[in-house]
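K.L.:
pasting the sequence and the predicted coordinates here, then a few questions.
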Amino acid sequence: MKKISENPMKKIWEKVKNDRGLQITIGMVVIGIVGLIALSKVFSGNNNKPATENEQSGAEEQEFEYSSEFPDFNKKQQPLNPDEVSPISGLKCEEPANKDRRPIAVMLAADKSVRPLSGNSTADMVIEMPVITASVTRLMAIYVCNSPEEIGSIRSARHDYLTLAKGLDAIYAHWGGSHFALEMLKNKNTVPDLDALANKGGAFYRKPGIPAPDNGFTSYEGLLSSAKSLGYRTENHFEGYPHREESPMNERGKGGTLTVGFASQFRVQYTYDPKTNSYLRKWGGRIDTDANTKEQVAPKNVIVMFANSRQIEGQYNDVDVEGEGDLYAYIEGKEIKGKWEKKKGNCVIGNELVCLNSAKLKFLNENGEEIKLIPGQIWVEVLEPGQKLKWEPVTI
């Protein structure tokens, strides 16, 4: 039988125990190591101070720094419109002081069951784009001038709308949201957040007699009061969009019909009326009215953008509203071809879906200059490539 050898560590210990010189050498090495560790603590500035909870988790929130290429909304921008008007619509507000109010962007449903919406005709700007690829759309209405007593039906936040709201320097109002959007909204540098689920300030309410989720509403004054109570800046710092005077009647188009080919009940049609110089809106084949005013929605400027869209999870999709793409503007009965642009980079939050930043959504002509709009509501439609866009002008 093979003999098991003696434990080698035992031999080493016996040697150390019997060799005084070796003991001194080992002791000096240990003292040196301890000294080096102590010095490294001193020079690193830690001085044996325990780590805070944030340092342990790595979750400390950093203050966002703007790049010189992107607007810093901590500073007020020089307005593009020389007159005392809304920076977005270019209209004189009934209450002159309202022109200086920070935009409030409100998420609205587009489903047939919620129509007519409340407050959609009095928004300075409305952006409509898909929340399910090639199917359901949703609206974001942006308010500066007017103060609707009722706005709704309110819907949930989406991450691609967040970056558009950021570029408008807007406070963002919604009822819950996708987990993508809600995670982003935890960062204070995203957008000032008014969520009906928390309902801090009590701006949101459920209307009796209407089934959920269609029964969520708010008011402009309620939103403004909530924003103030949360300590949000309420003064506008956004430069706005450039405007020009309306052309005389003989220089306008004679009429025409614009079809924006969203799917089924979401299909939109505009009929240009040269007398009012506006585009009368139909939705799903029916006249689109505002429940507050009982009047037909009639924007002065219709902008159609093309942007790729893809389904990313269940009922959620992702629209490429950063970068650039084809654009068609309809103003005074005429079609203007150009590009839309929202610069990428300098992300407040950057992930595989979005680089959320302060870059403005710009509407450019073929020379790369911002298109000058006429004073009035702006309605932006975001179509996917392949969806129908048809302009049929009256020529006689």
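P.N.:
Received, thanks. Numbering: from 1, shown residues only.
K.L.:
got a list of what residue 191 touches?
P.N.:
105, 162, 165-166, 170-172, 185 (CB atoms under 8 Å, 6 or more residues apart in numbering). For every residue, glycine as well, the C-beta is placed using N, CA and C.
K.L.:
now those residues in JSON lines, with neighbour count, secondary structure and pLDDT?
P.N.:
Compiled in JSON lines, the contacts of residue 191 are given as follows (neighbours: other CB atoms under 10 Å; DSSP: H, G, I helix; E, B strand; the rest coil; pLDDT from 0 to 100):
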{"residue": "105", "neighbour count": "26", "secondary structure": "strand", "pLDDT": "98"}
{"residue": "162", "neighbour count": "27", "secondary structure": "helix", "pLDDT": "97"}
{"residue": "165", "neighbour count": "26", "secondary structure": "helix", "pLDDT": "98"}
{"residue": "166", "neighbour count": "27", "secondary structure": "helix", "pLDDT": "97"}
{"residue": "170", "neighbour count": "26", "secondary structure": "coil", "pLDDT": "98"}
{"residue": "171", "neighbour count": "26", "secondary structure": "strand", "pLDDT": "98"}
{"residue": "172", "neighbour count": "26", "secondary structure": "strand", "pLDDT": "98"}
{"residue": "185", "neighbour count": "20", "secondary structure": "helix", "pLDDT": "95"}
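K.L.:
go through those residues and name the one nearest residue 267.
P.N.:
Residue 267 has its nearest neighbour among the contacts of residue 191 in residue 105, at 24.4 Å by CB to CB.
K.L.:
pLDDT value on the closest residue in space to residue 208 that isn't next to it in sequence, please?
P.N.:
Spatial nearest neighbour of residue 208, excluding adjacent residues (CB to CB, 6 or more residues apart in numbering): residue 215 at 7.7 Å. Residue 215 is assigned a predicted lDDT (pLDDT) of 97.
K.L.:
wouldn't residue 215 be in contact with residue 154 here?
P.N.:
No: with contacts counted by CB atoms under 8 Å, residue 215 stays clear of residue 154, the gap being 9.4 Å.
K.L.:
more neighbours: these two, which one.
P.N.:
residue 154 (25 against 16; other CB atoms under 10 Å).
K.L.:
gap between the more buried one and residue 162?
P.N.:
The span separating residue 154 from residue 162 equals 16 Å under the rule CB to CB, to the nearest Å.
K.L.:
common neighbours of residue 215 and residue 154, please.
P.N.:
Counting by CB under 8 Å, 6+ apart, nothing touches both residue 215 and residue 154.
K.L.:
any chance you could map the helices in this protein?
P.N.:
Assigned by DSSP state H, the helices in the chain fall at 8-18, 20-44, 53-57, 159-167, 179-185, 220-229.
K.L.:
check which helices and strands the last one is in contact with.
P.N.:
The contact analysis (3 or more CB pairs under 8 Å, 6 or more residues apart in numbering; DSSP states H and E) places helix 220-229 against strand 104-109, strand 171-174, strand 193-195.
K.L.:
buried ones in the longest one?
P.N.:
For strand 104-109, a neighbour-count test (16 or more other CB atoms under 10 Å) marks 104-109 as buried.
K.L.:
determine how far that strand lies from the middle of the whole chain.
P.N.:
Computed by CA atoms, centre = their mean, to the nearest Å, the chain-centroid distance of strand 104-109 equals 11 Å.
K.L.:
tell me what angle it forms with helix 159-167.
P.N.:
Angle, strand 104-109 to helix 159-167, by axes from the mean of the first three to the mean of the last three CA atoms, to 10 degrees: 160 degrees.
K.L.:
contacts for strand 104-109?
P.N.:
117, 119-120, 138-143, 151-158, 161, 164-165, 168, 170-175, 191, 194, 213-214, 218, 220, 223-224, 227.
K.L.:
neighbours around residue 95, how many?
P.N.:
For residue 95, using other CB under 10 Å, the count is 11.
K.L.:
what sits against it?
P.N.:
Taking CB under 8 Å, 6+ apart, one finds residue 147 in contact with residue 95.
K.L.:
mind checking how far it is from residue 157?
P.N.:
Per CB to CB, residue 95 is found 29 Å from residue 157.
K.L.:
tell me if I'm right that residue 298 and residue 121 touch.
P.N.:
Yes: with contact defined as CB under 8 Å, residue 298 counts as touching residue 121 (7.4 Å).
K.L.:
who's more crowded, the two?
P.N.:
residue 121 (25 against 20).
K.L.:
now the more buried one, nearest residue through space, not along the chain?
P.N.:
residue 290 is the one closest to residue 121 (CB to CB, 6+ apart), at 3.8 Å.
K.L.:
ramachandran coordinates for residue 298?
P.N.:
phi -150, psi 80 (degrees, to the nearest 10).
K.L.:
which helix or strand in the chain has the lowest average pLDDT?
P.N.:
Sorting the helices and strands of the chain by mean pLDDT, DSSP states H and E puts helix 53-57 at the bottom, at a mean of 28.
K.L.:
next, count neighbours for the residue nearest to residue 284 when sequence neighbours are not counted.
P.N.:
Distances taken as CB to CB, 6+ apart place residue 265 nearest to residue 284, at 4.1 Å, with adjacent residues excluded. Using other CB under 10 Å, the number of residues around residue 265 comes to 16.
K.L.:
so how far is residue 340 from the spatially most central residue of the chain?
P.N.:
Taking CA atoms, centre = their mean, the centroid of the chain lies closest to residue 162, which sits 1.8 Å from it. According to CB to CB, residue 162 and residue 340 sit 17 Å apart.
K.L.:
what do you get for residue 184?
P.N.:
In terms of CB to CB, residue 184 sits 22 Å off from residue 340.
K.L.:
cool, residue 361 as well?
P.N.:
Distance from residue 361 to residue 340, by CB to CB: 7 Å.
K.L.:
give me the common contacts of residue 298 and residue 121.
P.N.:
residue 377.
K.L.:
residues near the residue nearest to residue 287 when sequence neighbours are not counted, how many?
P.N.:
In this structure, residue 287 finds its nearest non-sequential neighbour in residue 296, 5.4 Å apart by CB to CB, 6+ apart. Neighbour count for residue 296, taken as other CB under 10 Å: 16.
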